[in-house]
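Undergrad: here are the coordinates; sequence isn't available:
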Ligand code: GLY
């Protein structure tokens, strides 16, 4: 049974009407390839707005240093340092106690080496700390207090990461969480539970020689239990690269990505011959399968991937904010926003 037919069968099994499925899947069924000129290229798991902000400086770094690792780090740092983004780095939404706790990972294809930090507080650029874990230690992952001490040893400055915007969002969430606790919204406020969000960004790149690098960085699940670690710092879950084929990254509910080894799964599927698009869809399909259907739970995840032919993929389980998921790409041909596929959304 070919891949597409298998997917349709699964969705039919979940009770989604066939016309909807065929339409939703038409976009990806034709082994959709998205050639992006020749290498080098860098991709970002967001559309136009953040794509431009992240990829233009990343591209400039690649031009000036020739290092794909420097390039993806420059791109990821942009969103980590921007207080307007409430899902990554400085300005990220906090855990249930109002503390911003960051996860990030980095991986480099030529050495197959990697580094990550989990539950890192007070440091604005966790992906840069993850890079030092990769390059300046014999370890691959540092967490919590140890990660903070390591960052400080390398000269990173401790800062308050909770912006006023994030604090007010957290306070509203906290006060509206339950009508059976001691936190009340203002007298004129209402009981309005806020959806718990994840954000995250993946920046993946391949240089002219085919060397692959990637970063995933996040503030994780809003309102998480202190100590919760998502998929982003776990190599193979939120990020995986393999110089033989390319790179993949995940965003969305980390628990699902961890228990499917999501990014590793996407890269393995590409090694077996799938296009990045097919591989991202296969990873979404796997998550739906293990959950027993689209109607079982409020999970959502998105994968982006790139291979060393310059093909790019992007798929999510549900539509993002009422629209298709997007990935953006920069190469010699300039910037492009590419529409991915979503199982439960169509324009
Ligand atoms: N994917 C981000 C998280 O779940 O923490």
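TA: Done, it's in. If you're wondering where the values come from, they're calculated on a predicted model, not measured in any experiment.
Undergrad: just checking, what's the longest helix in the chain?
TA: Criterion DSSP state H: the longest helix present in the chain is helix 48-65.
Undergrad: Could you point out the helix or strand that follows that helix?
TA: helix 68-81 (DSSP states H and E).
Undergrad: so the following helix or strand past that next one versus helix 68-81, what angle?
TA: Following helix 68-81 in sequence order, the next helix or strand is strand 102-108 (DSSP H and E). Per axes from the mean of the first three to the mean of the last three Cα atoms, to 10 degrees, the angle that strand 102-108 makes with helix 68-81 is 170 degrees.
Undergrad: ok so, going back, got a list of contacts for the longest helix of the chain?
TA: The contact list for helix 48-65, computed with Cβ atoms under 8 Å, 6 or more residues apart in numbering, reads 40, 42-44, 46, 67-68, 70-76, 78-79, 82, 85, 201, 203, 205, 207, 326-330, 335, 337. No exception for glycine: its C-beta is placed from N, CA and C like everyone else's.
Undergrad: ok, which residues in the stretch 151-300 of the chain are in contact with the ligand?
TA: 198, 200, 218, 220, 221, 230, 231, 232, 251, 252, 253, 254 (Cβ under 6 Å from any ligand atom).
Undergrad: Spell out, range by range, the helices that occur in the stretch 151-300 of the chain.
TA: Taking DSSP state H, counting those that start in this stretch, the helices of the stretch 151-300 of the chain run over residues 164-176, 254-259, 262-271, 276-291.
Undergrad: Can you give me the distance of the nearest residue to residue 236 once chain neighbours are set aside to the ligand?
TA: Distances taken as Cβ to Cβ, 6 or more residues apart in numbering place residue 264 nearest to residue 236, at 3.7 Å, with adjacent residues excluded. Here the criterion is Cβ to the nearest ligand atom, to the nearest Å. By it, residue 264 lies 15 Å from the ligand.
Undergrad: Please read off the pLDDT at residue 264 from the model.
TA: On pLDDT, residue 264 comes in at 98.
Undergrad: Check the one 4 residues further on too.
TA: The model reports residue 268 with a pLDDT of 98.
Undergrad: Listing request: residues of the stretch 201-347 of the chain with sub-threshold pLDDT.
TA: Scanning the stretch 201-347 of the chain for pLDDT under 70 picks out 320-322, 345-347.
Undergrad: If we use 80, what do you get?
TA: In the predicted model of the stretch 201-347 of the chain, residues 297-298, 319-323, 344-347 satisfy pLDDT under 80.
Undergrad: just the strands in it please.
TA: 201-206, 212-218, 239-242, 246-252, 301-307, 312-316, 326-331, 334-339, 341-342 (DSSP state E, counting those that start in this stretch).
Undergrad: Columns mean neighbour count on top of those, output as CSV?
TA: CSV is the format used below for the strands of the stretch 201-347 of the chain (neighbours: other Cβ atoms under 10 Å):
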stretch, mean neighbour count
strand 201-206, 31
strand 212-218, 32
strand 239-242, 28
strand 246-252, 32
strand 301-307, 30
strand 312-316, 29
strand 326-331, 25
strand 334-339, 16
strand 341-342, 24
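Undergrad: My read is that residue 305 contacts residue 312, right?
TA: Yes: counting by Cβ atoms under 8 Å, residue 305 touches residue 312, with 7.2 Å between them.
Undergrad: Quick check: neighbours shared by the two?
TA: 276, 277.
Undergrad: on that earlier part again, could you export the helices of the stretch 151-300 of the chain as TSV, including mean neighbour count and distance to residue 152?
TA: TSV is the format used below for these (neighbours: other Cβ atoms under 10 Å; distance: least, Cβ to Cβ, whole Å):
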stretch	mean neighbour count	distance to residue 152
helix 164-176	16	23
helix 254-259	22	26
helix 262-271	25	30
helix 276-291	24	37
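Undergrad: Excluding residues flanking it in the chain, which one is nearest residue 114?
TA: residue 107 is the one closest to residue 114 (Cβ to Cβ, 6+ apart), at 4.1 Å.
Undergrad: Contact partners for the one you found?
TA: 113, 114, 134, 213, 214, 235, 239, 240, 241, 247.
Undergrad: Geometric centre of the protein: which residue is closest?
TA: Using Cα atoms, centre = their mean, the residue of the chain that lies closest to the mean C-alpha position is residue 251, 3.1 Å off.
Undergrad: Identify the residue spatially nearest to that one, adjacent ones excluded.
TA: Closest to residue 251 by Cβ to Cβ, 6+ apart is residue 200, at 4.0 Å.
Undergrad: Give the burial count for that neighbour, as a bare number.
TA: Using other Cβ atoms under 10 Å, residue 200 is surrounded by 29 other residues.
Undergrad: Ok, the one 10 residues further on next?
TA: Burial of residue 210, expressed as a neighbour count using other Cβ under 10 Å, amounts to 17.
Undergrad: thought it was touching residue 39?
TA: Yes: contact criterion Cβ under 8 Å: residue 210 and residue 39 qualify, at 6.5 Å.
Undergrad: any residues in contact with both of these two?
TA: With Cβ under 8 Å, 6+ apart, residue 210 and residue 39 have common neighbours residue 308.
Undergrad: on that earlier part again, what's across from the residue nearest to residue 114 in the sheet?
TA: residue 114, residue 214 (DSSP bridges).
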